[in-house]
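*Asks:* Model the structure of this input:
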Amino acid sequence: MVYHVLFWLCYYVFAALISLSIHHIYDIRFYAELLTLMPPDMMMVYLNLYVLVPAFLLKRHYPAYFLTVLLTMAGNSAINIGLHHLYTVSGSLFFSGDNTFTIEHFATQLINSIYLVGLTTGLKFFKDSMQQRQRLQEQEKQKIALELSFLKAQVHPHFFFNTLNNLYSLTLQKSDLAPDVVLKLSSLMSYMLYESGAPYVPLDKEIGNLENYIALEQLRFGSRLALTFKKEGLPPDTIRIPPLILLTFVENSFKHGIGQTIGEGRISIALTIQSHELTFAIENSVPLPADDLPQSHTPIHAAGPPHSSPASPASGLGLRNVTRRLDLLYGTNYHLDKVETADHFHVTLKIPLS
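*Replies:* Next up is the predicted model:
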């Protein structure tokens, strides 16, 4: 409504300025009479925009539209000439030059009507196009938000299954470490349920979550696991990143690395924080094929599936999900490199910091 009022106000001011600067009309009565000429123009415009355009133009009935809009503009031109004649008969001198129904006067009024209809129709289509684009952008944002929530939710069941499996193994052994596992699991659950729902979280909390998860896995594997976690660069409390991105890579290393290895395994993690970029590198040993295992080696049993033809670390569902999340969050503004050899699997992630 406000835009309509502003448009007609500008339209009137423009016509008044033209009359003042070109025709040098200073009589206030002329501008009052000019104001009364606007209702027919407004009726023509709104009839076109809200009746003719939806009924004919948008439905691609082009001949019917052009015929009806031409008749509408011709009718508006006739009304304007009639009003000019009425004002002239009433004693006004301002419209005495175009108050008769001649071809010249009618053509002049018709050109004015074509200009007004063309301008308002163009503005209407431009406005509708912008609103449609805004709706599509909003729908795309909602779609991305839903997909991100879905991908994030897929991490939770997988994570809790592995962690509860660890706790089950310790309770079977009646280990004194079980209460510590419960406390760490409680902290992890609190983070996953109440803090990771935000689009971004402080990096120091994400690191604390990683360290809790790593501590649980170290309790599970004990001396079998050789693990290092190095952190360098800016203080993490000044950085915010999407939650659970880094955890997925750590999970993947445990699941497809040490979790599938008979005997010792190693995982090395390095987190480097620079002014505009976070680099996260993780490497884990890869289990040997069954045919290459030493025949005299006695397997060490741990919670989880038995060792048999492990899948490639690069083919896990977690990595596919996190790659999709990175695509949605950063587009092409991130770097993810995965290198798999016969004895190790290495991942390097670089993401921009805002």
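
*Asks:* Which stretches in the stretch 151-300 of the chain count as strands?
*Replies:* Under the criterion DSSP state E, counting those that start in this stretch, strands of the stretch 151-300 of the chain are mapped to 201-202, 225-233, 240-241, 265-273, 277-285.

*Asks:* Just the pLDDT at V45, thanks.
*Replies:* Predicted confidence (pLDDT) for V45: 94.

*Asks:* Pull the contacting residues for it.
*Replies:* V45 makes contact with 116-117, 120 under the criterion CB atoms under 8 Å, 6 or more residues apart in numbering. Yep, even glycine has a C-beta here, placed from its N, CA and C like the rest.

*Asks:* One more pass at 6 Å, please.
*Replies:* Shown here is V45, whose contacts under the criterion CB atoms under 6 Å, 6 or more residues apart in numbering are T120.

*Asks:* how much space between it and Q218?
*Replies:* Distance from V45 to Q218, counting by CB to CB, to the nearest Å: 75 Å.

*Asks:* Likewise for D176?
*Replies:* 15 Å.

*Asks:* tell me the pLDDT at I111?
*Replies:* In the prediction, the pLDDT value recorded for I111 is 92.

*Asks:* Could you report the neighbour count for it?
*Replies:* 12 (other CB atoms under 10 Å).

*Asks:* Including distance to E340, could the strands of the stretch 151-300 of the chain go into a markdown table?
*Replies:* Supplementary listing: the strands of the stretch 151-300 of the chain in a markdown table, determined by distance: least, CB to CB, whole Å:
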| stretch | distance to E340 |
| --- | --- |
| strand 201-202 | 30 |
| strand 225-233 | 20 |
| strand 240-241 | 25 |
| strand 265-273 | 15 |
| strand 277-285 | 10 |
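
*Asks:* Dump these to JSON lines, plus distance to S190, mean pLDDT and mean neighbour count.
*Replies:* Formatted as JSON lines, the entries for the strands of the stretch 151-300 of the chain read as follows, by distance: least, CB to CB, whole Å; pLDDT from 0 to 100; neighbours: other CB atoms under 10 Å:
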{"stretch": "strand 201-202", "distance to S190": "13", "mean pLDDT": "88", "mean neighbour count": "18"}
{"stretch": "strand 225-233", "distance to S190": "22", "mean pLDDT": "91", "mean neighbour count": "14"}
{"stretch": "strand 240-241", "distance to S190": "19", "mean pLDDT": "89", "mean neighbour count": "20"}
{"stretch": "strand 265-273", "distance to S190": "22", "mean pLDDT": "93", "mean neighbour count": "19"}
{"stretch": "strand 277-285", "distance to S190": "23", "mean pLDDT": "93", "mean neighbour count": "20"}
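
*Asks:* Figure out which of the ones you listed is closest to S129.
*Replies:* Comparing those against S129 with CB to CB, the closest turns out to be strand 240-241 (35.9 Å).

*Asks:* Show me the contact partners of that closest one.
*Replies:* Contact partners of strand 240-241, identified using CB under 6 Å, 6+ apart, comprise 200, 202-203.

*Asks:* Return the closest of the residues you listed with respect to I267.
*Replies:* Nearest to I267 among the contacts of strand 240-241, counting by CB to CB, is L203 at 20.2 Å.

*Asks:* List the contacts of the closest one.
*Replies:* 236, 239, 241.

*Asks:* Could you check how far it is from T272?
*Replies:* Relative to T272, and taking CB to CB, L203 is found at 12 Å.

*Asks:* which one of the strands of the stretch 151-300 of the chain lies closest to T108?
*Replies:* Counting by CB to CB, T108 lies closest to strand 240-241 out of the strands of the stretch 151-300 of the chain; the figure is 64.7 Å.

*Asks:* strand partners of that closest one, parallel vs antiparallel please.
*Replies:* Sheet neighbours of strand 240-241, with direction, are listed as strand 201-202 (antiparallel) (DSSP bridges).

*Asks:* in this structure, which segments are predicted with low confidence?
*Replies:* Low-confidence segments of the chain, defined by pLDDT under 70: 23, 93-99, 139, 142-160, 162-163, 166, 259-263, 288-317, 354.

*Asks:* Buried residues, stretch 205-215. List them.
*Replies:* Judged by neighbour count using 16 or more other CB atoms under 10 Å, the buried positions of stretch 205-215 are 205-207, 209-210, 212-214.

*Asks:* Adding distance to Y168, write those residues out as TSV.
*Replies:* Converted to TSV, the buried residues of stretch 205-215 look like this (distance: CB to CB, whole Å):
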residue	distance to Y168
K205	27
E206	27
I207	27
N209	21
L210	22
N212	18
Y213	17
I214	19
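
*Asks:* ok, of those residues, which one's closest to S187?
*Replies:* Proximity of these to S187, judged by CB to CB, is greatest for N212, which lies at 5.5 Å.

*Asks:* Not counting residues beside it along the chain, what's closest to the closest one?
*Replies:* Residue nearest to N212 in three dimensions, not counting chain neighbours: K184, with 4.7 Å by CB to CB, 6 or more residues apart in numbering.

*Asks:* isn't that neighbour right up against I214?
*Replies:* No: in this structure, K184 sits apart from I214 without contact. The criterion is CB atoms under 6 Å, and the distance is 9.9 Å.
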